[in-house]
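Q: Show me the folded form of this:
(chains A and B)
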Protein chains: 2
Amino acid sequence: MPYTAKIGQSINTLSTPVPVIDENIVAGNIARVQTYMNKIGRSFRPHIKTHKIPDIAKAQLDAGARGINCQKVSEAEVFADAGFDDILITYNILGEEKLSALYALNKKTKVSVCVDSETTIEGLTKTFSPERPLSVLIECDTGASRCGVQSPEQALVLAQKIAASPGLKFSGLMTYPKPHSEAQSEKYLAQTLVLLTGAGLDCPTISYGGTPSLFNSHQVPSATEHRAGTYVYNDRAMARSGHCKLEDCAMNVLSTIVSRPTPDRAIIDAGSKGLTSDLLGFDDFGLITEYPEAKIVELSEEHGSVDLSACTGKRPEVGEKIRIIPNHTCVISNLFDRVVFHAGGKVTRLETIAARGRVW
Amino acid sequence: MPYTAKIGQSINTLSTPVPVIDENIVAGNIARVQTYMNKIGRSFRPHIKTHKIPDIAKAQLDAGARGINCQKVSEAEVFADAGFDDILITYNILGEEKLSALYALNKKTKVSVCVDSETTIEGLTKTFSPERPLSVLIECDTGASRCGVQSPEQALVLAQKIAASPGLKFSGLMTYPKPHSEAQSEKYLAQTLVLLTGAGLDCPTISYGGTPSLFNSHQVPSATEHRAGTYVYNDRAMARSGHCKLEDCAMNVLSTIVSRPTPDRAIIDAGSKGLTSDLLGFDDFGLITEYPEAKIVELSEEHGSVDLSACTGKRPEVGEKIRIIPNHTCVISNLFDRVVFHAGGKVTRLETIAARGRVW
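A: Take a look at the predicted model:
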């Protein structure tokens, strides 16, 4: 039967492994970031990748966010069906099936996409028409070395191509920056804006993003909006980056000690199917809150191997439950069908991760 | 809408990313391993973790396998509901909710579990009764350093405890061995068997396992059965281990080039949500069959970054589809709700990965 949890149940009695999310920390994270965005006068567009849950996105909008950010058409479908009406898909949409799904999506809600090549623009041009044009932003590689045009001049060429396409509406620029490189991003975006203005092109949106340097967003004055996902739950990597403290991490993976084969080894029931293999620069797979000296040194699919040799005090026993702060919270939301929310250790709700697995 | 594919459709027209499984390679892998097991006169019990699909488990039984292997009670529930009636759960089952689910499972099908501690045995003892006893095997750590008792003497102590428990039936030994350490495993198992026999305990099953050293199973004559999962699809790690050739890898992750930001960089739409971050000792995240000189050097959730600098010939273009042999096939079955099977590049069926996410 599907995973169950009762309202009011102590999370220590839950079947494991399961992600448990602290309602109060989530509310604090949402409020803290929205307050900053209000203070610097910037639109905020949460990325739903971290939670993939319409109820949480609703709380983000209720706090003052404008619109949401999805990465894939299939994710956007879930949120459009749940009533969200301003969705930015920060992805090059290619291929007949996806273009057809995007066309249907654009008919029923306000949707924008990002491009960084003529090929992507050509596909969109063939799909959309002036009766219901599609908003298109250009992705700029301001230093993160992932997608994006490599120069302001390339951005101008694509913007002109979009502007010349009757079914498309040029709507601005988007970048997923290298963390802590605000000056570099600002220079690139400001230069592009000069070129666009010189060519008579209006650029209503400049979308900056990411959680690691979120609180530096004011150092990019050309930006009109900020996108971020991870801030809502936070994780061990965000605490290391200086974005938050470990106490601001809302998600723990609740796990059980299933074996204590030797004095120095514990085996937990969270493996790569519970924690993912994401190291993000750490040399272990998460932080055990009750035993911070212990190290999750190896994962197989259903087992985590914990090295207890550095533990000076009590060591965990078979059957004992532990809470793990994951290295990377977003990827864990993609593993589980359901996630438990709690306040003070009592279950408040069991949420279905509605957009889990919406990868296409 | 959920992922779709039409029978007969060319897989090159599928929406990506998606795992595509070659029917003929699967059939060959099943036949090859079963032939070996028949030859050495050993029972074979496939682990369903690799595919998590009842139809594939049925093909494994039809070929001659006896029973299946699951890792979690929740997985076993899916397969019991699909009609499978001999299920070994190679896991310490702990906690009221899981014990209660195991009790229900044992009422309707033949189920066995594994233990390596007195705590686990005590939980089982409280749950089961002589009217419908539970079969229990002892997990032995023969060198893999995961779960398992550390010596034949410890195994004897637990076997006696199980035999003294009215609701439990001592059924044998189980090990997940360190690959290529057959002599060490055989020594441990044979010594334990001597101790058990000396104590008057019958030991009907000695279950050995794993794909990497599957074809060495005859070097462990004490074993009565072999368990393996990965062999059914195979992957890049199994090819490296010598178990198979790259041509025996049935699963490819079909992906699309979504960006070509620089001459040396391609971005694909398979990130950690499509390939997982499992490196398994490789320094890249999968092998691109069309561009073997290219390296998938970095993954974010929805993007894979490919270094093309070593490519001497043609380089991929935006919109082009590629097929990736994953480092580790089992973990990919846990990411997707559906998987496409094909023969000669034409879709034969779209299977729901029924036990995906059954982690508790």
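
Q: For stretch A:35-46, buried residues please.
A: Applying a neighbour-count criterion of 16 or more other CB atoms under 10 Å in any protein chain shown, one finds A:Tyr36, A:Met37, A:Arg42, A:Ser43, A:Phe44, A:Arg45, A:Pro46 buried in stretch A:35-46. To be clear about C-beta, it is placed using only N, CA and C from the backbone, and glycine gets the same treatment.

Q: Would you check that the fourth one makes contact with A:His226?
A: Looking back up the chat, that one is A:Ser43. Yes - if you go by CB atoms under 8 Å, A:Ser43 and A:His226 touch, sitting 7.4 Å apart.

Q: quick revisit: any chance of the buried residues of stretch A:35-46 in a markdown table, plus distance to A:Ile206, secondary structure and pLDDT?
A: Output for the buried residues of stretch A:35-46, formatted as a markdown table (distance: CB to CB, whole Å; DSSP: H, G, I helix; E, B strand; the rest coil; pLDDT from 0 to 100):
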| residue | distance to A:Ile206 | secondary structure | pLDDT |
| --- | --- | --- | --- |
| A:Tyr36 | 18 | helix | 98 |
| A:Met37 | 15 | helix | 98 |
| A:Arg42 | 10 | coil | 98 |
| A:Ser43 | 10 | strand | 98 |
| A:Phe44 | 14 | strand | 98 |
| A:Arg45 | 12 | strand | 98 |
| A:Pro46 | 18 | strand | 98 |
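
Q: right, and out of these, which lies closest to chain B?
A: A:Pro46 (15.3 Å; CB to the nearest CB).

Q: how much space between the closest one and A:Leu350?
A: Using CB to CB, to the nearest Å, A:Pro46 is found at 22 Å from A:Leu350.

Q: Identify the contacts common to A:Ser43 and A:His226.
A: A:Met37 (CB atoms under 8 Å, 6 or more residues apart in numbering or on different chains).

Q: Between all of the buried residues of stretch A:35-46, which two are separated the most?
A: Spanning the widest gap among those are A:Tyr36 and A:Arg45, at 14.2 Å by CB to CB.

Q: In the sheet, which strands lie alongside the longest strand anywhere in chain A, parallel or antiparallel?
A: The single longest strand within chain A, with elements called by DSSP state E, is strand A:251-262. Applying DSSP bridges, strand A:251-262 is found paired with strand A:18-22 (antiparallel), strand A:265-268 (antiparallel), strand A:321-325 (antiparallel).

Q: What are the contacting residues of the second one?
A: Read it as strand A:265-268. A:17, A:255-261, A:294, A:296, A:303-308, A:315-316, A:322, A:324, B:145-147.

Q: Would you mind putting the CA coordinates of that strand into PDB?
A: Coordinates of the C-alpha atoms in strand A:265-268 are reproduced here as PDB (Å, rounded to 0.1, in the frame of the first residue of the first chain):
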ATOM      1  CA  ARG A 265      29.900   0.500  11.500                       C
ATOM      2  CA  ALA A 266      26.200   1.300  11.400                       C
ATOM      3  CA  ILE A 267      24.000   0.600   8.400                       C
ATOM      4  CA  ILE A 268      21.000   2.800   7.800                       C
END
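
Q: Show me the contact partners of the helix or strand just after it.
A: Sequence-wise, the next helix or strand downstream of strand A:265-268 (DSSP states H and E) is helix A:272-275. Helix A:272-275 has contacts (CB under 8 Å, 6+ apart) with A:17, A:253, A:255, A:285-286, A:296, A:299-302, A:304, A:324, A:326-327, A:332, A:335, B:276, B:278, B:331, B:334, B:359.

Q: gap between A:Gly229 and chain B?
A: The gap separating A:Gly229 from chain B is 9 Å, by CB to the nearest CB, to the nearest Å.

Q: Please list all residues in contact with that residue.
A: A:Pro46, A:His47, A:Ile48, A:Lys49, A:Thr50, A:Asn69, A:Thr211, A:Cys330.
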